[in-house]
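J.: using only what follows, build the 3D model:
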Amino acid sequence: MTQTLLVLAGEDSGDLHGAELLRELKARRPELRIIGVGGPRMTPFLDRKLADVKDLAVVGFVEVIKHLPRLNRLFKQILAAAAEEKITGALLIDYPGFNLRMAKALRKQLPAVTLHQYVCPQVWAWKKGRIPELGTVLDTLYCLFDFEPELFRGYPVDARFVGHPLVEVVKAECDRAAFFTETGLDPARPLVALLPGSRRGEIERLLPPMAELARRWRTARPEVQWVLPVAPTLDSAFVRAHLGDAPVTLVRDHPYAARAYADAALVASGTATLETALLGTPFAIVYKLNALTYQMARRIVKVPHFGLANVVARREVAPELLQGEVNPERLGLELTHLLDSEVARRVRAELSEVRGHLGEPGAAGRVAEDLLGKLQA
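T.: Residues are numbered from 1 along each chain as shown. Have a look, this model is predicted:
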């Protein structure tokens, strides 16, 4: 009998991790039917696509409330499809708010279905009250960071450290000469990479101050070049509209090369900070939330660092700029510092420590083996 697996990813990083895992699942069991929500990377492996990550990619408390009716409709559609397809198991990839709610609904309506979460939600930073929920609702929790399984000791969930898939995924797509030739950029001049995020709201908040800095440096530091790798979840025209006349080159095909060959970067907080650390490019972490969302977040976030690269390193390997600090003047100061050759050399050495906390290559294969075994059990 053909088994059916429901897979849900809600943002670009989940689509990236999900695609690698689905590739491993299909390689091991081609007959496995996979339905769910994914982005452009996951889509080729889905036998039935229920929605796209763009339909779920909403960040912040206030923003979620605004989109709640649409998200609720999608939630019901996914639940109905799960029942119709008679799924054997569900694989929930990150995106904790939506996915934990889905896990509880599946547990109630389809009690025989096994529930597996890939990427532990950041309960160590906020919403520690979710630990008991995750620990009792889920069957398996695949953790990307070595300190996470300990949080679930004493709960029935099988919480295990599998390593981080970025260790093997993150590498330049082409060599340095090819990148500069294809983009028309000058390899002899300094290059700054801008990564304002993969969601529309992040672009709206973070890109304008970055663009203004690029405009100012067109006169103040004309030797500096700017490149922006556009996330698959975003439309280039939308990004360009928020850049205005800033002298920034957009790239789609070489997102890792754009960072690997940059001398410095400004990176939105999230998975992109880990990617940039693995590529060894000195960078500053930036983030700006809706004002109300920020005030609410301040009350519940309980970690000394908000940037993932710093959380993993257990110290600040990249400066963090939040809210009002994300302005052209402050961004310019940080970039000036990072572009100094002595500073860059020291920062690169510190960034190399991050890789040591992320485990060995092969995370997706290890998860696939374990998950397939549990689906057959």
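
J.: which pLDDT value goes with Ile300?
T.: Predicted confidence (pLDDT) at Ile300: the value is 51.

J.: now do Trp126
T.: 64.

J.: name the residues of the helix or strand containing Ala368 that are buried.
T.: In this structure, Ala368 is located in helix 363-376 according to DSSP states H and E. Of the residues in helix 363-376, those scored as buried under the neighbour-count criterion (16 or more other Cβ atoms under 10 Å) are Ala363, Ala364, Gly365, Arg366, Val367, Ala368, Asp370, Leu371, Leu372, Leu375. Just so you know, the C-beta spots here come from the backbone N, C-alpha and C atoms, and that holds for glycine as well.

J.: Phe75 and Asn99 touch, don't they?
T.: No: contact between Phe75 and Asn99 fails when scored by Cβ atoms under 8 Å: they sit 10.4 Å apart.

J.: so these two - more neighbours on which side?
T.: In this comparison of Phe75 against Asn99, neighbours counted by other Cβ atoms under 10 Å, the higher total goes to Asn99 at 25 against 16.

J.: distance of the more buried one from Gly89?
T.: 14 Å (Cβ to Cβ, to the nearest Å).

J.: now Asp263
T.: Taken as Cβ to Cβ, the spacing of Asp263 relative to Gly89 amounts to 46 Å.

J.: quick one: which of these two has more around it?
T.: Set side by side, Asp263 and Gly89 show more neighbours around Gly89, with 22 against 18, by other Cβ under 10 Å.

J.: tell me the contacts of that one?
T.: Residues counted as contacts of Gly89 (Cβ atoms under 8 Å, 6 or more residues apart in numbering) are Gln3, Leu5, Leu6, Val113, Thr114, Leu115, His116, Leu371, Lys374, Leu375.

J.: can we see that at 10 Å?
T.: By Cβ atoms under 10 Å, 6 or more residues apart in numbering, Gly89 lies in contact with 3-7, 106, 110, 112-116, 139-140, 371-372, 374-375.

J.: what about the closest residue to it other than its chain neighbours, how many neighbours?
T.: Nearest non-adjacent residue to Gly89, counting by Cβ to Cβ, 6 or more residues apart in numbering: Thr114, 4.3 Å away. By the measure other Cβ under 10 Å, the count of residues near Thr114 is 18.

J.: for Lys49, give the beta-bridge partners.
T.: Applying DSSP bridges to Lys49 gives these bridge partners: Gly36.

J.: how near is it to Ala81?
T.: When distance is defined by Cβ to Cβ, Lys49 is 10 Å away from Ala81.

J.: more neighbours, these two?
T.: Summary of the neighbour comparison: Lys49 and Ala81, criterion other Cβ under 10 Å, with Ala81 having more neighbours (17 against 14).

J.: mind checking how far Ala363 is from Glu369?
T.: Counting by Cβ to Cβ, the gap from Ala363 to Glu369 is 11 Å.

J.: now list whatever residues contact both of the two.
T.: Taking Cβ under 10 Å, 6+ apart as the contact criterion, the residues that touch both Ala363 and Glu369 are Glu24.

J.: tell me where this protein has strands.
T.: For the chain, the strands defined by DSSP state E cover 4-9, 33-38, 48-52, 89-93, 114-118, 140-143, 158-161, 191-195, 225-229, 248-251, 264-268, 283-287, 320-322.
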